[in-house]
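# I'd like to go over a predicted model; first the sequence, then the structure.
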Amino acid sequence: MKFPQLPACESLTVEFKSDRKRLSDSELVEAVVCLANAEGGEVWLGVEDDGTATGLHAEHIQLSGLGGLLAARTSPSVAVTVTPVNLNGTHVACIGVSKSTTEVATSGGVYVRRRLKHDGSPECAPMLPHERFSRAAHFGLADASAQPVAGATLADLDPLERERLRQSVQQYGGDRVLLELDDEALDGALGFTTRTGDGARVPTLSGLLIIGREPMLRELVPTHEFAFQVLSGEAVSFNEFRRFPLLKALDWLETNFRPYNPEREIEVGLFRVPVPLVDLGAFREGLANALVHRDYHRLGAVHMRLDDEGLTISNPGGLVDGVTLANLLTTEPRPRNRALADAMKRIGVVERSGRGVDKIYRGMLRFGRPEPDYRRTDAQSVVLRLATVGADEPFLRLVVEEERRRGRDLPIDSLIALAALRELKRLSVEELSRHIQRDPSQAKRTLEALLEAGLVQAHGASKGRTYMLAPGVYRADGNKAAYTRQAGFSALQHEQLVLNYARQHGSIKRSEVIELCRLSELQARALLRRMKSSGQLVQHGERRGAHYTVAVTSA
């Protein structure tokens, strides 16, 4: 049995509890609840705050009933693992706590959660009502956007914003059935209103956010705010905060962004293709996602900031449970505010398939720019960075011509593969699988499809097989030398290299072939076998001791 190791210090997932004066049951239960309501972790009983092991109290030496005690004193019951640990003769206990997918309280009704203070040290803090609802929404157990807003009335919905909604349906190609509905039916269809126990209609959070009057939004939804900032070096050329309803907000942000988004055109065949600084499709999707999927229980604005390096869009509230940076491209849609997201999809503002991230990736990669950067995302916020580097025109031509040949957009996996090959020059199946966030079999199908289309070239076979952009792609890029370096040598050139090396040094080993020709072990073995069969080389020795000399007839 492998025993847990004592961490060096406390953290978000590690709590030390002294037991010299016998830690009370209530304090121990609260420590377990605190971790369960955060990221889970370990409670080390018998360890001081500074990490010194001082041991268990005599009444806690027998740990057999501790798990049952903790389960009985938590609601819902938290199952823990209790492991006795001997630290140089000092007996302590490691209590493993899993992250709960619901809010957990002590049997006495105490809600606490683990968090980090401003100085980075951890603490257990009270879990306030809005934080409990926010946690439930994080796990998809509650939808704040479908709930009525306290104090709101139907008079708080703006007829002008409702008209803007109908125009947006036409502009963005939304659900045209909505255009045939009267106001009451429209509000009901989009979840803008709900009925109370006495049958009265009242606005939901979704209703206020999309078609609410601005003064009432300020009063009733104080967490709703967005900002647009433009920085040039250290100079601020634009910095405005607003609280408009969402459709008006999107219109206002795009209108003010356009002057900072210059566009030029390039010719591809008989057509002219626009090349903006930031693709508007990626811009709209990233911005709409931030406004729709933010946590409306948290204070803080949705920020859109344009600087010399790129466009950054951030929103309060981290990724919901089940969504990580490693599965953004493949996970099923998991909106935090489901009713709000559904309404915006029907209006046509966001991707109706729920694959808006694909649209953001496409808007960056087809221009030969870096993929969207979410690396600054954490538990408190989602941060999207779109680089504003110059477009790679030859790569854009390649993508546009291939899409016109097919009569449809390239699959997103294929576009990611081409972009990765453009940057890295050579890829294996395993490497691509990490880029597209899929299993190797799907990555192989993607690469083989591009191979059949003539866009990539394969080198080697079996496990050592790698791929690179086809020669025509490099010629289009005006970089023939790069292709020659990456393509390496033909089979005939490999043979000549091996023969020349063996003549100069008397013999050659498989490891030397691998280094000389930059082949995999399997490829080197096949080359030596072929040269031996054709009478060019003579093998001496077996297995690892084998070496090869030039046959007399080849000298």
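Structure received. Numbers count the residues shown, from 1 in each chain.
# following the particular helix or strand that has residue 292 in it, which helix or strand comes up?
Element membership for residue 292 (DSSP states H and E) is helix 280-293. Downstream of helix 280-293, the next assigned helix or strand under DSSP H and E is strand 302-306.
# Could you tell me which strands sit next to that next one in the sheet, and their orientation?
Its sheet considered, strand 302-306 pairs with strand 226-232 (parallel), strand 310-316 (antiparallel) by DSSP bridges.
# where are the low-confidence patches of this structure?
1, 139-141, 352-354, 461-462, 472-492, 518, 553-555 (pLDDT under 70).
# Nearest residue to residue 506 in space, please, no chain neighbours.
Excluding its sequence neighbours, the residue lying closest to residue 506 (Cβ to Cβ, 6 or more residues apart in numbering) is residue 549, at 6.8 Å. In this view, the C-beta of every residue, glycine as well, is placed from N, C-alpha and C.
# any idea how far residue 501 is from the nearest residue to residue 531 once chain neighbours are set aside?
Nearest residue to residue 531 in three dimensions, chain neighbours excluded: residue 537, at 4.5 Å (Cβ to Cβ, 6+ apart). Per Cβ to Cβ, to the nearest Å, residue 537 is found 11 Å from residue 501.
# Ok, residue 52 next?
Distance of residue 52 to residue 501, computed by Cβ to Cβ: 63 Å.
# who has more neighbours, those two?
Taking other Cβ atoms under 10 Å, residue 52 and residue 501 do not tie; residue 501 has more neighbours (18 against 12).
# The more buried one in helix, strand or coil?
Under DSSP: H, G, I helix; E, B strand; the rest coil, residue 501 falls in the helix class.
# center of this structure - which residue?
Residue closest to the mean C-alpha point of the chain, counted by Cα atoms, centre = their mean, is residue 325 at 2.6 Å.
# Check which residues of stretch 242-251 are buried.
Buried residues in stretch 242-251, counted by 16 or more other Cβ atoms under 10 Å: 242-250.
# Tell me, how many residues neighbour the spatially closest residue to residue 391 that is not a sequence neighbour?
Nearest residue to residue 391, sequence neighbours excluded (Cβ to Cβ, 6+ apart): residue 367, at 4.1 Å. Residue 367 has 23 neighbouring residues, counting by other Cβ under 10 Å.
# Residue 367 contacts residue 392, correct?
Yes. Look at residue 367 against residue 392 with Cβ atoms under 8 Å: they come within range, at 6.9 Å.
# which residues in the stretch 401-550 of the chain form helices?
Along the stretch 401-550 of the chain, counting by DSSP state H, counting those that start in this stretch, helices occupy 412-424, 429-436, 440-452, 471-476, 480-487, 491-505, 510-517, 521-533.
# between the second one and helix 440-452, how big is the angle?
Using axes from the mean of the first three to the mean of the last three Cα atoms, to 10 degrees, the direction of helix 429-436 lies 100 degrees away from that of helix 440-452.
# what is the orientation angle of helix 429-436 with helix 412-424?
Helix 429-436 and helix 412-424 are oriented at 110 degrees to each other (the same axes, to 10 degrees).
# May I see the buried residues of helix 429-436?
Buried residues in helix 429-436, counting neighbours by 16+ other Cβ under 10 Å, are found at 429, 432-433, 435-436.
# Which residues does that helix contact?
Residues from elsewhere that reach helix 429-436, judged by Cβ atoms under 8 Å, 6 or more residues apart in numbering: 329, 412-413, 416-417, 420, 424, 427, 439-440, 442-444, 446-447, 465, 467.
# hmm, which of these are the buried ones?
If you count burial by 16+ other Cβ under 10 Å, the buried members of these come out as 329, 412-413, 416-417, 420, 427, 442-444, 446-447, 465, 467.
# now, among those, which is nearest to residue 7?
Closest approach to residue 7 among the buried ones among the contacts of helix 429-436 (Cβ to Cβ): residue 329, at 33.7 Å.
# I'd guessed that closest one sits against residue 411; true?
No. Using Cβ under 8 Å as the test, residue 329 is too far from residue 411 to be in contact (11.7 Å).
# Distance to residue 18 added to the buried ones among the contacts of helix 429-436, as CSV?
Formatted as CSV, those follow (distance: Cβ to Cβ, whole Å):
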residue, distance to residue 18
329, 47
412, 54
413, 54
416, 52
417, 55
420, 52
427, 54
442, 52
443, 52
444, 56
446, 56
447, 58
465, 59
467, 59
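# and of those residues, the nearest to residue 402?
Nearest to residue 402, judged by Cβ to Cβ, of those is residue 417 at 12.3 Å.
# residues in contact with the closest one?
By Cβ under 8 Å, 6+ apart, the residues touching residue 417 are 427, 432, 435-436, 443, 446-447, 450, 456.
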